[in-house]
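Visitor: I need the structure of the sequence given here:
(one chain, ligands or ions: 1)
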Amino acid sequence: HNSESSSQDACAISPNAIVSDACASYSTLERLNRDVKPPLDELTQTTDFFSHYRINLFHKKCPFWNDENGMCGNIACAVETLDNEDDIPPVWRASELGKLEGPRARHPGKSVQKEEPKRPLQGLLGEHVGESCVVEYDDECDDRDYCVPEDESATSKGDYVSLLRNPERFTGYAGDGAKQVWDAIYRENCFQRSSFSHSAALGQDTSPRGPAAMDFKAVIEAAGRQQVLEQQRQHNPLTPFVAKTGLEYEDECLEKRVFYRVISGMHASISTHLCWDFLNQTTGQWQPNLGCYINRLHKFPDRISNLYFNYALLTRAIAKLEPYLSQQQDYMFCLGDPEQDADTRAKVMAVTKKAASVPQIFDESLMFKNGEGPSLKEDFRNRFRNVSRLMDCVGCDKCRLWGKLQTAGYGTALKVLFEFDNNDKPQLPVLKRTELVALFNTYARLSSSMKAIQKFREMVEQDEATRKFEERLKEAETLNIIPDRAKKPRHAIVPGSSEAAPSESADESHEEREAPEYHNRTIKDEFDEELGRVIKVLKYVLTSWINFPVMLWHIITSELIRLWQFYIGLPVNPRSWGFELPRVDEL
Ligand SMILES: Cc1cc2nc3c(=O)[nH]c(=O)nc-3n(C[C@H](O)[C@H](O)[C@H](O)COP(=O)(O)OP(=O)(O)OC[C@H]3O[C@@H](n4cnc5c(N)ncnc54)[C@H](O)[C@@H]3O)c2cc1C
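Guide: You can find the predicted model right below:
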């Protein structure tokens with residue numbers, strides 16, 4: 001008996017989709033999240049260490065494109081959600097919503113650090129913030145990084161900002177600017193020189209293999225040129241074609257599924273938050289937007305499955321960190337404050353213990369096998385660096401903050417999974433503060449996305465039930481057999497959805513909630529209906545019996561194939577069967 005798929009909610013979105021890469025089903029992860037979320041919220045919301053992040057937001061330039069070549073990534077280009085924002089109060093406009101809020105403090109120089117070791121920020125983040133838990137004195141990054149270290153190529157070390165004051169939610173950042181960044185990020189999924197065997201078309205066939213960013217820039221530019229030429233061609237048909245953009249070979253890269261899943265899962269999580277914490281810009285109300293969820297996520301179960309995949313991936317990374325973070329001599333959270341340090345560690349442990357409570361949630365040892373190991377890993381790292389650089393092209397500060405943080409979070413997770421030995425205790429204290437903060441906050445983002453998705457799913461079900469009820473009511477009305485009191489809608493309503501049905505009033509009496517009574521039915525009607533049901537059940541049972549041998553054959557062969565794949569080290573097909581209770585509405 002397959003215990004995971006036996007429960008009602010198991011694999012409700014896309015059966016077994018996650019099992020193939022992450023050894024866990026939806027229901028296992030949702031159960032785990034119920035345990036992990038409370039201590040994780042506590043950690044990210046009540047400790048100074050985890051509620052502040054240092055980020056270089058303003059001294060970086062988008063390295064991939066500028067307005068001159070017809071592509072555009074800055075705020076002025078981000079088409080806003082409303083055609084005319086002049087009609088709405090400034091506070092609801094995208095330009096305001098995207099701004100950073102709350103206190104901000106410059107990274108202190110060496111002299112201040114020496115003079116004021118306990119208060120290097122001199123109260124700039126607020127009087128009660130334990131600054132020794134927030135400030136990090138770091139130097140260069142080591143080459144195991146999957147993300148771009150914040151201080152790369154910039155003179156400024158960045159600012160400390162409060163994550164609590166800047167929740168990830170709807171900002172109104174949308175349109176061409178946002179789309180262009182996402183497109184470029186997904187194109188990164190395909191970036192690998194071996195995939196571009198016709199690189200001559202990019203005009204750089206003789207150049208030695210340069211940094212990934214340079215190559216990537218060339219691809220983007222080629223794509224940009226292509227786009228501009230395409231537009232020009234509409235007016236002037238003689239405009240030349242660019243022979244190849246390099247993007248034609250996209251399919252070859254699709255096998256690098258994990259990278260794609262990480263990015264798509266991150267995108268799905270961002271979309272979930274903006275739909276859950278959505279501002280209706282004409283009424284000024286913050287509320288979940290069911291239509292937004294349906295259009296961006298519900299219709300795309302693979303996106304949701306990728307989000308769950310990321311949850312499994314981060315759970316494994318966090319569980320793996322437990323021995324590394326448990327001892328003060330191995331890691332200090334707050335250098336100048338032993339009490340806060342102990343408190344933070346206890347809260348971290350509460351999370352890592354829960355994360356480690358489900359064994360085998362993601363088996364990283366299966367990755368980077370089949371001879372591609374080191375080069376694939378290198379490729380992975382470079383792609384991640386580029387995604388992080390692409391975040392500098394995001395034209396909304398708050399989105400950039402969370403985009404950067406989450407890219408760094410996944411980068412850290414990959415580093416922990418693939419660079420740390422599987423020994424009980426990893427040897428080197430290689431994780432920086434920024435990395436830890438990014439990792440745990442990215443985990444917290446996924447955790448709250450999962451919860452929001454579960455709620456959204458309930459809303460969809462309620463919405464559908466309401467719609468069905470209304471349809472039946474209409475049918476009955478046309479037959480004129482419904483008493484007036486049964487015409488009230490009975491199902492709960494989606495709060496705030498643009499597609500919300502009318503709300504059930506709180507004082508609605510119990511009697512009014514009962515099913516509508518159907519009058520004028522004769523005994524013959526009742527008998528015919530009952531007989532119809534009996535025949536349907538009989539048919540159902542007989543078909544199940546007839547199908548059984550075929551099904552058994554399918555199960556045995558598919559399991560044998562899976563066993564064989566496992567034995568010779570191939571990726572194992574997802575399980576295509578499971579036990580579930582018959583759905584009564586099939587009858
Ligand atoms: C880094 C970054 C951070 C952002 N943060 C915020 C934020 O905090 N708040 C906010 O309101 N807006 C944010 N945005 C903007 C937001 O993500 C959308 O771009 C915007 O709302 C417009 O949405 P859209 O419906 O046009 O599709 P987009 O979300 O822009 O998607 C573009 C295309 O990508 C594909 N796609 C969408 N989702 C997935 C997925 N999960 N997997 C694979 N493919 C997918 C679809 O083909 C879609 O048409 C951010 C954008 C970026 C690039």
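
Visitor: domains of the protein?
Guide: The record's domain split for the chain, according to automatic domain parsing, is 11-189+256-459, 195-249, 522-587.

Visitor: next one: phi and psi at the one residue in the stretch 51-200 of the chain that gets nearest to the ligand?
Guide: Here the residue of the stretch 51-200 of the chain nearest the ligand is residue 178; by CB to the nearest ligand atom that distance is 3.3 Å. For the C-beta atoms, the positions are set from N, CA and C on the backbone; glycine is no exception. Residue 178 has phi and psi values of phi -70, psi -40 when expressed as degrees, to the nearest 10.

Visitor: cool, and residue 166?
Guide: Backbone torsions of residue 166, given as degrees, to the nearest 10, read phi -130, psi 70.

Visitor: Where does the stretch 451-587 of the chain get nearest to the ligand, residue-wise?
Guide: Using CB to the nearest ligand atom, residue 453 is the residue of the stretch 451-587 of the chain that sits closest to the ligand, at 12.0 Å.

Visitor: so what pLDDT did residue 328 get?
Guide: In this model, residue 328 is scored at 71, pLDDT.

Visitor: That one looks like it's in a strand, true?
Guide: No: assessed by DSSP: H, G, I helix; E, B strand; the rest coil, residue 328 does not belong to a strand; its assignment is coil.

Visitor: any idea how far it lies from the ligand?
Guide: With the distance defined as CB to the nearest ligand atom, to the nearest Å, residue 328 ends up 36 Å from the ligand.

Visitor: so that residue sits right up against residue 346, yeah?
Guide: No: here residue 328 lies out of contact with residue 346, judged by CB atoms under 8 Å, at a distance of 11.4 Å.

Visitor: List, one by one, the residues from the stretch 401-550 of the chain near the ligand.
Guide: 402, 403 (CB under 6 Å from any ligand atom).

Visitor: how about low-confidence regions in the stretch 401-550 of the chain?
Guide: Segments of the stretch 401-550 of the chain classed as low confidence (criterion: pLDDT under 70) are 421-429, 481-520.

Visitor: Now it against the ligand: closest residue?
Guide: Checked against the ligand (CB to the nearest ligand atom), the nearest residue in the stretch 401-550 of the chain is residue 403, 3.1 Å away.

Visitor: what comes up buried for the helix or strand residue 27 falls within?
Guide: Residue 27 is located in helix 26-46, with elements delineated by DSSP states H and E. When burial is assessed from 16 or more other CB atoms under 10 Å, helix 26-46 yields the following buried residues: 26-33, 36-37, 39-40, 43-44.

Visitor: got it, and stretch 168-178?
Guide: Within stretch 168-178, the residues that count as buried by 16+ other CB under 10 Å are 168, 169, 170, 171, 172, 173, 174, 177, 178.

Visitor: least reliable of the domains of the chain going by mean pLDDT?
Guide: Mean pLDDT is lowest for domain 195-249 among the domains of the chain, at a mean of 40.

Visitor: And the nearest residue to residue 267 once chain neighbours are set aside, how far from residue 173?
Guide: Nearest residue to residue 267 in three dimensions, chain neighbours excluded: residue 182, at 6.6 Å (CB to CB, 6 or more residues apart in numbering). Using CB to CB, to the nearest Å, residue 182 is found at 11 Å from residue 173.

Visitor: for residue 547, same thing?
Guide: 51 Å.

Visitor: Kindly report the residues of the protein close to the ligand.
Guide: Near the ligand, when you scan the chain using CB under 6 Å from any ligand atom, you find 168, 170-171, 173-174, 178-179, 181-182, 264, 267-268, 270-271, 274, 296, 303, 391, 394, 398-399, 402-403.

Visitor: Counting only helices, which of the residues you listed make the cut?
Guide: With helices identified by DSSP state H, the entries of the residues of the chain next to the ligand that belong to them are 178-179, 181-182, 264, 267-268, 270-271, 274, 303, 398-399, 402-403.

Visitor: my guess is residue 40 contacts residue 445, does it?
Guide: No: taking contact to mean CB under 8 Å, the distance of 10.0 Å between residue 40 and residue 445 leaves them out of contact.

Visitor: How many neighbouring residues does the nearest residue to residue 281 once chain neighbours are set aside have?
Guide: Closest residue in space to residue 281, ignoring its immediate chain neighbours: residue 92 at 4.8 Å, by CB to CB, 6+ apart. A count of neighbours around residue 92, defined by other CB atoms under 10 Å, yields 18.

Visitor: next one: the one 4 residues further on
Guide: Look at residue 96: counted by other CB under 10 Å, it has 14 neighbours.

Visitor: Check the contact between it and residue 90; I expect there is one.
Guide: Yes: counting by CB under 8 Å, residue 90 is a contact partner of residue 96 at 5.7 Å.

Visitor: can you map out the helices along the stretch 251-400 of the chain?
Guide: If DSSP state H, counting those that start in this stretch is used as the criterion, the helices of the stretch 251-400 of the chain fall at 257-276, 290-293, 301-325, 338-355, 373-390, 397-419.

Visitor: Columns mean neighbour count and distance to residue 100 on top of those, output as TSV?
Guide: Compiled in TSV, those are given as follows (neighbours: other CB atoms under 10 Å; distance: least, CB to CB, whole Å):
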stretch	mean neighbour count	distance to residue 100
helix 257-276	23	17
helix 290-293	22	24
helix 301-325	23	25
helix 338-355	18	24
helix 373-390	20	19
helix 397-419	24	5
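
Visitor: What is the burial count for residue 571?
Guide: With other CB under 10 Å as criterion, residue 571 counts 14.

Visitor: in terms of contact, does it touch residue 561 like I think?
Guide: No: between residue 571 and residue 561 no contact is recorded; they are 12.0 Å apart, counting by CB under 8 Å.

Visitor: any residues in contact with both of these two?
Guide: Among the neighbours of residue 571, none is also in contact with residue 561 (CB atoms under 8 Å, 6 or more residues apart in numbering).

Visitor: quick one: the helices in the stretch 401-550 of the chain?
Guide: Along the stretch 401-550 of the chain, the stretches classed as helices by DSSP H, counting those that start in this stretch are 433-479, 510-513, 523-568.

Visitor: most packed of these?
Guide: For the helices of the stretch 401-550 of the chain, the largest average neighbour count (mean count of other CB atoms under 10 Å) is found in helix 433-479, namely a mean of 19.
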